[in-house]
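In: next come a sequence and a model predicted from it.
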Amino acid sequence: MLINAMGLILADHNHVHLSDLTGPRALAAMPFAGRYRIIDFILSNMVNSGIKTVGVLAETKYRSLMDHLGTGASWDLDRMTQRLFILPPFISQSVMRGSQASDLSGLLNYIENGKQEYVFIADSNIIMNESYQEIFDVHIESGADVTVLYNKDGADFGSPVVSLELDHKGKLKDLLLDAPHIATRNNFLGLSVISRQLFVNLLQSAIARGHNEFSQLRLLRMYPELDIRGFEHQGFSLRINSVASYFGASMKLLKPQFLHHLFCPERPVFTKVKNEAPAEFEEGCKVKNLLSSDGCRVRGDVSDSVFFRGVDMGRYSVVRNSIIFQDVIIQDGAVLNHVIIDKDCVVRSGVELKGQPDYPILIGKGALV
């Protein structure tokens, strides 16, 4: 069933920074689950829900994101009228004017030109595989101005925690960000639905008042003026709030019950296609519980780890509880445990790196270790 809505994905998150991992890329472009990016799950949710017009807004560091998304063909979003839009950064026009303020006009233009009646807005720190049909139906039935998705994981994943206090009808009556003591475990899940015309009015009002950015937190803080309702999500979801939570979320996928929640035949997850040879496991290697992608070459001893495309693991090397990004070379005899290594790195022979589950060692992009 097609949903009469357009999509808006906020590729950056003002309150989430993953150290060197988000240095060269937007949060939405973060690699995840061996061959995907975080944005793949959000885009796939929208496409599988019948949303055929999607805008992606990246304030900074959007080169990697644009390279991954391309024309949107991998998500069937390369049509003449209904397609993928890469929206200009807030700062673009204001820089030309010599102003320090950002500019919401690019976002406003995208929303104004939409033909759909509603807009789904999604943050980029939440990973799940769900249809948006149910929250859309609840939004229409309730007559609310805005309906937001939440779950009850409280502060389990660390900051940011957007606590929602709801009344007996599900209406938002208070909002707290990273409060030290909270009476509710209701935590905003990064998704909201709003009528397109109301969103246009809010953006026009923000521009007229000199506001220089948009976020869902800003929208939620308008609860005294708007009828904002909550809808509880009881399914599987992952929050990426820190390096530790990214590491923990990746390790969860090594357990079949969680992997099957995220990847199911009825709601496929689409991504950019790269035609590479299958992974090669040479004679004498030891492999246990490895999530591996195309193009990998494994000659050592690896367990409980995630390998992205093109990882080359040398003989006598040992990898445990680690996440190895694309085209990393692990030379003979290296030992890695609780490590995250960004793409294009080289780990030299004999090097030992050992972190902890809550504090994995992080190696930035292109490093020689």
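Out: The structure has been received and is ready for your questions.
In: from here on, contacts and neighbour counts on C-alpha atoms
Out: OK.
In: OK, contacts around residue 29?
Out: Applying CA atoms under 8 Å, 6 or more residues apart in numbering, one finds that residue 29 lies in contact with 11, 37, 38, 39, 64, 65, 68.
In: switch to 7 Å and redo it
Out: Taking CA atoms under 7 Å, 6 or more residues apart in numbering as the criterion, residue 29 is in contact with 37, 38, 39, 64, 65.
In: residue 11 reaches residue 58, doesn't it?
Out: Yes. Applying CA atoms under 7 Å as the test, residue 11 and residue 58 come out as touching, 4.9 Å apart.
In: re earlier: now list the buried members of the contacts of residue 29.
Out: Among these, the ones that count as buried by 16 or more other CA atoms under 10 Å are 37, 38, 39, 65.
In: make JSON lines out of those and add pLDDT, secondary structure and distance to residue 160.
Out: What follows is the buried ones among the contacts of residue 29, written out as JSON lines (pLDDT from 0 to 100; DSSP: H, G, I helix; E, B strand; the rest coil; distance: CA to CA, whole Å):
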{"residue": "37", "pLDDT": "97", "secondary structure": "strand", "distance to residue 160": "21"}
{"residue": "38", "pLDDT": "98", "secondary structure": "helix", "distance to residue 160": "18"}
{"residue": "39", "pLDDT": "98", "secondary structure": "helix", "distance to residue 160": "19"}
{"residue": "65", "pLDDT": "93", "secondary structure": "helix", "distance to residue 160": "23"}
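In: show me which helix or strand of the protein is least confident by mean pLDDT.
Out: Comparing helices and strands within the chain by mean pLDDT, DSSP states H and E singles out helix 92-96 as the least confident, with a mean of 45.
In: which residues in the stretch 1-150 of the chain form strands?
Out: Under the criterion DSSP state E, counting those that start in this stretch, the stretch 1-150 of the chain carries strands at the ranges 5-10, 31-32, 36-37, 54-57, 84-87, 118-122, 126-127, 146-151.
In: counting contacts, what elements does the top strand by length along the chain pack onto?
Out: Of all the segments assigned as strand in the chain under DSSP state E, the longest by residue count is strand 187-195. With contacts taken as 3 or more CA pairs under 7 Å, 6 or more residues apart in numbering; DSSP states H and E, strand 187-195 sits against strand 118-122, strand 146-151, strand 162-166.
In: export these to a markdown table and tack on distance to residue 184, mean pLDDT and mean neighbour count?
Out: Rendered in a markdown table, the data for the helices and strands packed on strand 187-195 read as follows (distance: least, CA to CA, whole Å; pLDDT from 0 to 100; neighbours: other CA atoms under 10 Å):
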| stretch | distance to residue 184 | mean pLDDT | mean neighbour count |
| --- | --- | --- | --- |
| strand 118-122 | 23 | 99 | 23 |
| strand 146-151 | 11 | 98 | 23 |
| strand 162-166 | 7 | 96 | 22 |
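In: how about these, which one is nearest residue 256?
Out: Put simply, out of the helices and strands packed on strand 187-195 the one that sits nearest residue 256 is strand 146-151, at 22.5 Å, with distance taken as CA to CA.
In: chain center to that closest one, what's the gap?
Out: The gap between where strand 146-151 is centred and where its chain is centred comes out at 17 Å by CA atoms, centre = their mean, to the nearest Å.
In: adjacent strands (with direction) for it?
Out: Strand 146-151 has the following strand partners under DSSP bridges: strand 187-195 (antiparallel), strand 228-232 (parallel).
In: now render the strands of the stretch 1-150 of the chain as CSV, adding distance to residue 211.
Out: Conversion of the strands of the stretch 1-150 of the chain to CSV gives the following (distance: least, CA to CA, whole Å):
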stretch, distance to residue 211
strand 5-10, 17
strand 31-32, 32
strand 36-37, 31
strand 54-57, 17
strand 84-87, 18
strand 118-122, 19
strand 126-127, 26
strand 146-151, 20
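In: since we're on residue 234, how many residues are nearby?
Out: When neighbours are counted by other CA atoms under 10 Å, residue 234 registers 9.
In: then residue 183?
Out: As a burial measure, the neighbour count of residue 183 was computed by other CA under 10 Å and equals 10.
In: and it, which of the three is it?
Out: Per DSSP: H, G, I helix; E, B strand; the rest coil, the secondary structure class of residue 183 is coil.
In: and it, how far from residue 138?
Out: Between residue 183 and residue 138 the distance is 26 Å, computed by CA to CA, to the nearest Å.
In: same thing with residue 113?
Out: 26 Å.
In: more neighbours, those two?
Out: Summary of the neighbour comparison: residue 113 and residue 138, criterion other CA under 10 Å, with residue 138 having more neighbours (15 against 9).
In: which one of the contacts of residue 29 is nearest to residue 179?
Out: Minimum distance to residue 179 across these is 27.0 Å, recorded for residue 38 (CA to CA).
In: list the contacts of the closest one.
Out: Under the criterion of CA under 7 Å, 6+ apart, the contact partners of residue 38 comprise 28, 29, 30, 31, 32, 124, 127.
In: just give me the closest of those to residue 290.
Out: Each of these was checked against residue 290 using CA to CA; the closest is residue 32, at 14.1 Å.
In: who does the closest one bridge with?
Out: Applying DSSP bridges, one finds that residue 32 bridges with residue 36.
In: now residue 333, nearest residue through space, not along the chain?
Out: Sequence neighbours aside, residue 317 is the residue nearest to residue 333 in space, at 4.1 Å (criterion: CA to CA, 6 or more residues apart in numbering).
In: number of nearby residues for the one you found?
Out: By other CA under 10 Å, 23 other residues sit near residue 317.
In: next up, the contacts around it.
Out: Residue 317 sits in contact with 300, 301, 332, 333, 334, 335, where contact means CA under 7 Å, 6+ apart.
In: which parts of the stretch 151-300 of the chain are strands?
Out: For the stretch 151-300 of the chain, strands defined by DSSP E, counting those that start in this stretch occupy the ranges 162-166, 172-177, 187-195, 228-232, 238-239, 280-281, 286-292, 297-298.
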